[in-house]
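Q: I need the structure of the sequence given here:
(one chain, ligands or ions: 2)
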Amino acid sequence: MLTSWTADDVRAAERPLLASGVPLMERAAFALAVHVGRELRATRGRVGGARVTLLVGSGNNGGDTLHAGALLARRGAQVTALLTSDRTHAGGLDALRAAHGRVVPTLDDAAADDAAQDLARADVVLDGLLGIGGRGGVRGPGARLLARLRTLDADARPLVVAVDVPSGVGVDDGTRTGEVPDVDLTVTFGACKPALLLPPAADAAGRVEVVDLGLTLPPRPAVARLEATDVAALWPLPGRDAHKYVRGVLGVVAGSARYPGAAVLQAAGAVRAGVGMVRYLGSAGPQVLAAHPEVVVGEGRVQAWVVGSGVAPDDPEQRARVRDALSHALAHDEPAVVDAGALEILPDRVPPHVVLTPHAGELAALLVARGAHATRAEVEAAPLVHARRAHDLTGATVLLKGGTTVVVGPHGAAYAQADGPSWLATAGAGDVLGGVLGALLAGRSADAMADPTLPAALAAAAALVHGRAAHHANPGGPVSAGDVADALPAVVAGLLRA
Ligand SMILES: NC(=O)C1=CN([C@@H]2O[C@H](COP(=O)(O)OP(=O)(O)OC[C@H]3O[C@@H](n4cnc5c(N)ncnc54)[C@H](O)[C@@H]3O)[C@@H](O)[C@H]2O)[C@@H](O)CC1
Ligand SMILES: [K+]
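A: Residues are numbered from 1 along each chain as shown. Ligands and ions are numbered 1, 2, ... in the order given. Below you'll find the predicted structure:
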């Protein structure tokens, strides 16, 4: 599992070490210089003679950058520091000067234009404008330099390394404001930060290297990302004496005369993910049975529900079934996945074993229906913030679908899963995901009732498996939702061996 901590968590963890005289900045700068040196050796064979340009802000992030620049200068690099403030970390500046680095104040437009030539000639640029102390987008001279860097021709573009985080990202919430450099590598100190996992900021971060500074961090990360080796511990495994009812029965209320495919695909996701049994309720029974003879059509006992996919607004009977299923789930402590059409008929408050699976537009509509202001674009610009708002307003666990899927649950539980290829953005893929998640909740129904944060972990696991199934179905190329479902058994088997 990848784990990240907020700026405040990191500061609090640094405090006792700094108080006892541990030279954290020197350690951070040394590790940064090692990583940059490695990149330079890989791209041009050696560090000696390499042109290194430092973008230096007013805080300690700039201090790290200047110290790393000094170390690189001592290894023979030609280092230029572009200062963007009349305040600069004094120790870092002294170190760079002592190592014969060049220091260029870059405070006005003319100076920024001259500096643009430095940027174009550089082998590597270190972004040391803002770290965990940044508030809002980069302002002033730093923003001018980032604009110059962005508009360089592709063949003049140097390697760009972010110091701690790409400047201009919301460190804790993954937003971006104003100019944010698109970096190749982020060297982050003490712990990974949420912005390096969350969309849209993480898209700017490139490869992430975490430098261990020996910090003692709080037990619960701010945002996590499950990896392949985490799935086996979450997956419901059949015991020796298992039978279908023990393994979990999933009630599927999906599809309508107009959209029978949603029901077929949702059943496919659940069946292929290894649920004990699927019970289907709705008018698409013949289509579901034709595709999946193992499904049972009609009412009966279930351990979890998935409701709403492909339920047309003009299908009062199916909407009534969705309402009944939701009431049953709430009255009998059965976990439920609430998708698409069912989001509109969600009760005001629900427990966290109800998992909502909206995309950005549906999440915006859900928030608006509860009196909050949100547009689809705002949700996409700040997925964690809006998923958290939806959790706060409804009580539900929220899985917000997107290129990176964000999951939020109670007690601050949050995950950002970036497992699928862009090809996964295809009709019906969300129905398959709902089926996979329903299968997990049915298989771990009692556990999900006992541990209110488990549904969020299961939702993240479902997103991981779903994304990997898309890769597996057709590496590097297009996939249909059905292909994704078909790939599930092999992907799950592989993950259980991991
Ligand atoms: N606390 C520590 O001991 C350590 C900190 N380290 C580094 O220190 C960084 C944090 O340092 P700081 O707290 O000084 O914060 P930053 O260096 O992130 O930036 C704070 C400075 O930038 C200015 N500023 C804030 N928002 C701005 C904006 N939007 N545009 C322009 N200027 C803005 C502030 O006035 C302040 O002077 C970390 O990210 C990391 O790089 C590392 O050296 C490891 C040890
Ligand atoms: K930075």
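Q: wait, isn't Gly59 in contact with Gly133?
A: Yes: Gly59 is in contact with Gly133 according to C-beta atoms under 8 Å; the separation is 4.9 Å. C-beta coordinates here come from the backbone N, C-alpha and C atoms, glycine included.
Q: So for the two, which residue has more residues nearby?
A: When Gly59 and Gly133 are compared for neighbours, Gly59 comes out ahead with 19 against 14, by other C-beta atoms under 10 Å.
Q: and the more buried one, what are its phi and psi?
A: phi -110, psi -160 (degrees, to the nearest 10).
Q: In contact with it, which residues?
A: 89, 130-131, 133 (C-beta atoms under 8 Å, 6 or more residues apart in numbering).
Q: ok, which of these also contact ligand 1?
A: With C-beta under 6 Å from any ligand atom as the criterion, the contacts of Gly59 include 130-131, 133 near ligand 1.
Q: Do a quick rundown of the strands in the stretch 251-400 of the chain.
A: Assigned by DSSP state E, counting those that start in this stretch, the stretch 251-400 of the chain shows strands spanning 277-281, 296-297, 304-307, 336-338, 354-356, 397-400.
Q: SS state for the closest residue to Arg11 other than its chain neighbours?
A: Residue nearest to Arg11 in three dimensions, not counting chain neighbours: Ile132, with 7.0 Å by C-beta to C-beta, 6 or more residues apart in numbering. Secondary structure state of Ile132, per DSSP: H, G, I helix; E, B strand; the rest coil, is coil.
Q: how close does the closest residue to ligand 1 within the stretch 151-300 of the chain get to Thr404?
A: Using C-beta to the nearest ligand atom, the single residue of the stretch 151-300 of the chain nearest to ligand 1 is Asp164, 3.7 Å away. Going from Asp164 to Thr404 by C-beta to C-beta, to the nearest Å gives 21 Å.
Q: Likewise for Pro352?
A: From Pro352 to Thr404 the distance is 22 Å (C-beta to C-beta).
Q: So which residues on the stretch 51-200 of the chain come close to ligand 2?
A: With the criterion set to C-beta under 5 Å from the ion, the stretch 51-200 of the chain comes near ligand 2 through 127, 163, 167.
Q: Recalculate using a threshold of 8 Å.
A: Taking C-beta under 8 Å from the ion as the contact definition, the stretch 51-200 of the chain meets ligand 2 at 57, 61, 65, 127-131, 134, 162-167.
Q: Counting only helices, which of these make the cut?
A: 61, 65 (DSSP state H).
Q: Let's have the strands of the stretch 251-400 of the chain in CSV, adding distance to ligand 1 and mean pLDDT.
A: Listed next are the strands of the stretch 251-400 of the chain as CSV, based on distance: least, C-beta to the nearest ligand atom, whole Å; pLDDT from 0 to 100:
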stretch, distance to ligand 1, mean pLDDT
strand 277-281, 50, 97
strand 296-297, 56, 97
strand 304-307, 43, 98
strand 336-338, 39, 98
strand 354-356, 34, 98
strand 397-400, 27, 98
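Q: Would you map out the domains in this structure?
A: 2-10+18-221, 228-497 (automatic domain parsing).
Q: Could I get the average pLDDT for whichever strand or helix holds Ala439?
A: According to DSSP states H and E, Ala439 maps onto helix 429-443. In this model, helix 429-443 has a mean pLDDT of 97.
Q: what angle separates that helix from strand 277-281?
A: 120 degrees (axes from the mean of the first three to the mean of the last three C-alpha atoms, to 10 degrees).
Q: mind exporting helix 429-443 as CSV, just the C-alpha atoms?
A: Extracted as CSV, the C-alpha positions of helix 429-443 are listed here (Å, rounded to 0.1, in the frame of the first residue of the first chain):
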residue,chain,number,x,y,z
ALA,A,429,-17.4,-0.5,-17.5
GLY,A,430,-19.1,1.1,-14.4
ASP,A,431,-21.7,-1.6,-14.3
VAL,A,432,-19.0,-4.3,-14.2
LEU,A,433,-17.3,-2.3,-11.3
GLY,A,434,-20.5,-2.3,-9.4
GLY,A,435,-20.8,-6.0,-9.8
VAL,A,436,-17.3,-6.6,-8.5
LEU,A,437,-17.8,-4.4,-5.5
GLY,A,438,-21.2,-6.0,-4.8
ALA,A,439,-19.5,-9.4,-4.8
LEU,A,440,-16.9,-8.2,-2.3
LEU,A,441,-19.5,-6.7,0.0
ALA,A,442,-21.6,-9.9,-0.2
GLY,A,443,-18.6,-12.0,0.6
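Q: contacting residues for the closest residue to Leu393 other than its chain neighbours?
A: Leaving aside its chain neighbours, Leu393 sits nearest to Arg370 (4.8 Å; criterion: C-beta to C-beta, 6+ apart). Going by C-beta under 8 Å, 6+ apart, Arg370 touches 348, 393-394.
Q: quick revisit: and the helix holding Ala439, what other elements does it pack with?
A: Judged by 3 or more C-beta pairs under 8 Å, 6 or more residues apart in numbering; DSSP states H and E, the packing partners of helix 429-443 are strand 249-253, helix 260-273, strand 304-307, strand 336-338, helix 454-473, helix 481-497.
Q: Of all those, which one comes closest to Pro16?
A: helix 454-473 (30.9 Å; C-beta to C-beta).
Q: Helix, strand, or coil at Pro452?
A: With three-state DSSP as the criterion, Pro452 reads coil.
Q: Could you tell me how many residues sit around it?
A: Pro452: 17 neighbours (other C-beta under 10 Å).
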